[in-house]
Every structure is written in structure tokens, then in C-alpha cells.
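J.: could you work out the structure for the sequence below:
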Amino acid sequence: MDIDGNVISKRVTSWTDEDYAVEEEDSNVALADAGLPARPPDRTWYLRSPSGVEQLDDVLRRLIDDADANSIEPWCNSEFVAFVSRRLRETYPW
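T.: Numbers count the residues shown, from 1 in each chain. Here you go, the predicted structure:
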């Protein structure tokens, strides 16, 4: 994947239990750095697109573009988390 999130190549491999554990730990460290709690273990997360939005990727792309336009680094950090939370509440009041 390039810096803009575009897939430039792909390879399918199987993950071991250890691979998943390492990835989960890395994700939880990133969440903690952003001031968020760790994800519950062994849970599959599903995200629902807001009304009127066909693809969740469209929402994510808009959030990243909007963050860039506001000089906010679109990565797992407390500033981006707060920005996304605020923007989602403003844009998609479920």
C-alpha cells in the first residue's frame, strides 16, 4: 500500500495464531497511544455505513481528506481520533 492508501501489490498468506497476537498487540499499543482502550480479544468488528453512503471506504476517504485539509495527521493519534469523533457526529447523526 502506498502513502495514499492505494494497493500497489498484494499477496495472500496464512497467519498463525502468533501473527494475530503480534498484530493485536501492535494495534492495542497504537490505540493506547491515541488515548483509547484496548480492543477486546477474539472479537470481530463490523462497521455500518451511515445512511446514504454505499461504501464505508467513501466515509473513510472523506475523513482522511478532511483531516489532511485541516493539517491533522490521519493516523491513530489523539488529535485524529477526536477529529473523527467530532466529524462523524456532525456529519452522520445516527
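
J.: same for the longest helix along the chain, what does it pack against?
T.: Longest helix in the chain, counting residues (DSSP state H): helix 17-33. Packing contacts for helix 17-33, counted by 3 or more Cβ pairs under 8 Å, 6 or more residues apart in numbering; DSSP states H and E, involve no helix or strand. To be clear about C-beta, it is placed using only N, CA and C from the backbone, and glycine gets the same treatment.

J.: how far off centre is that helix?
T.: Relative to the chain's own centre, helix 17-33 is displaced by 14 Å; criterion: Cα atoms, centre = their mean, to the nearest Å.

J.: neighbouring contacts of that helix?
T.: W15, P37, A38, R39, P41, C76, N77, S78 (Cβ atoms under 8 Å, 6 or more residues apart in numbering).

J.: tell me the spatial nearest neighbour of the first one, not counting adjacent residues.
T.: Spelled out, it's W15. The shortest distance from W15 to any non-neighbouring residue, by Cβ to Cβ, 6 or more residues apart in numbering, is to E23 (7.7 Å).

J.: where does pLDDT dip in the protein?
T.: 1, 45, 47-50, 93-94 (pLDDT under 70).

J.: next, the buried residues of the very next helix or strand once past the longest helix of the chain.
T.: Note on helix 17-33: by DSSP states H and E, the next helix or strand toward the C-terminus is helix 56-69. Neighbour-count burial for helix 56-69 flags V59, L63, I64, A67 (criterion: 16 or more other Cβ atoms under 10 Å).

J.: out of those, who's nearest V84?
T.: Lowest distance from V84 to those (Cβ to Cβ) belongs to L63, with 5.5 Å.

J.: look up the closest residue to the closest one, ignoring the ones flanking it.
T.: V84 (5.5 Å).
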